[in-house]
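>>> Got a sequence here, can you model it:
(2 chains)
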Amino acid sequence: RKEVEQDPGPFNVPEGATVAFNCTYSNSASQSFFWYRQDCRKEPKLLMSVYSSGNEDGRFTAQLNRASQYISLLIRDSKLSDSATYLCVVNVNYGQNFVFGPGTRLSVLP
Amino acid sequence: ETGVTQSPTHLIKTRGQQVTLRCSSQSGHNTVSWYQQALGQGPQFIFQYYREEENGRGNFPPRFSGLQFPNYSSELNVNALELDDSALYLCASSRLRGGTGELFFGEGSRLTVL
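Predicted coordinates:
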C-alpha cells in the first residue's frame, strides 16, 4: 500500500461547481498535513496546511480525521484558475521527509 | 517567486553518464530537500540536507548523492544514469526548527536520459 493515496483523476467540473478531493495516509505517526497545488509544468506550491480542527481559507476547506487517517479538500465556487493538480502531503518526522501523494488533476471548464 | 533557483533547467544525458544539479535556497532557510518527480506522479523524497549534513534519505540508491554548502546551497549528483532517472528534479528549501514546515520549491531541473 502506498504511503499517501489520492482520488484518481482527472476531475472535470464546470465553473461554479463544488469539488471534493480525498486523501488517505498509512503512517499513523504522521504529524503534519498539507495540500499543495501544482500547475502544469510548474513547481508545487503550498495551498494550505491542514489542522485537526479543520480549517478554511476563502473558498477552500480542509479537514483531517486522524482516526481514519483521512484528509479532504473542498473547493467551493470553482474558478477557471483553480485548474491544477492537487497534491496531498504528509509529514512524519516534522520538517524532514514530506511524503507526497500522486496528485489529483482538476480541470474547471467554462 | 519562491527565491529558490535551480540550474540547469533542462538537460539531456546518455545512459551511464553522471549529472550534477544545483540549487540555491531561499534567504534565511537552512534546509534543502531534493525530490524526483516522474511524469504523472507526485514528487518522491530523495534526501534532505540540514547544516551541511544529510538529515534523512528516501528510497534511492547510493548513486544519488548530495552536498550542502556553508551558504546552504546544495548539489544533487547522480552517477551511472539509467533511463528511469528521466524526471523533473525539484529542490525545496525550508527552515527546520523555527519554521512553518512549508516547502518552497524551485522550478526544477528536467533531466532526460537517452
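
>>> Where does pLDDT dip in chain B?
Low-confidence segments of chain B (pLDDT under 70): B:2, B:97-100.

>>> swap that for chain A, sorry
Across chain A, the ranges flagged by pLDDT under 70 are A:94-95.

>>> near chain B, which residues of it?
Proximity of chain A to chain B, by C-beta under 8 Å from any C-beta of the partner chain, involves residues A:4, A:32, A:34, A:36, A:42-46, A:49, A:87, A:91, A:93-103. (Glycine included, C-beta is placed from N, CA and C.)

>>> Keep only those of those residues that are in strands.
Assigned to strands by DSSP state E, the following of the residues of chain A next to chain B qualify: A:4, A:32, A:34, A:36, A:44-46, A:49, A:87, A:91, A:98-100.

>>> for those, which one is nearest chain B?
Using C-beta to the nearest C-beta, residue A:100 is the member of these that lies nearest chain B, at 3.6 Å.

>>> Would you enumerate the residues in contact with the nearest residue to that closest one once chain neighbours are set aside?
Sequence neighbours aside, residue B:42 is the residue nearest to residue A:100 in space, at 3.6 Å (criterion: C-beta to C-beta, 6 or more residues apart in numbering or on different chains). Contacts were defined as C-beta atoms under 8 Å, 6 or more residues apart in numbering or on different chains; by that measure residue B:42 touches A:4, A:87, A:100-103.

>>> How about residue A:67?
By C-beta under 8 Å, 6+ apart, the contact set of residue A:67 is empty.

>>> May I ask you to confirm that it belongs to a strand?
No - if the criterion is DSSP: H, G, I helix; E, B strand; the rest coil, then residue A:67 is coil and not within a strand.

>>> Now do it against residue A:30, distance only.
Here the criterion is C-beta to C-beta, to the nearest Å. By it, residue A:67 lies 13 Å from residue A:30.

>>> before we move on, back to that, out of the residues of chain A next to chain B, which are buried?
When burial is judged by neighbour count using 16 or more other C-beta atoms under 10 Å in any protein chain shown, the buried members of the residues of chain A next to chain B are A:4, A:32, A:34, A:36, A:43-46, A:49, A:87, A:91, A:95-103.
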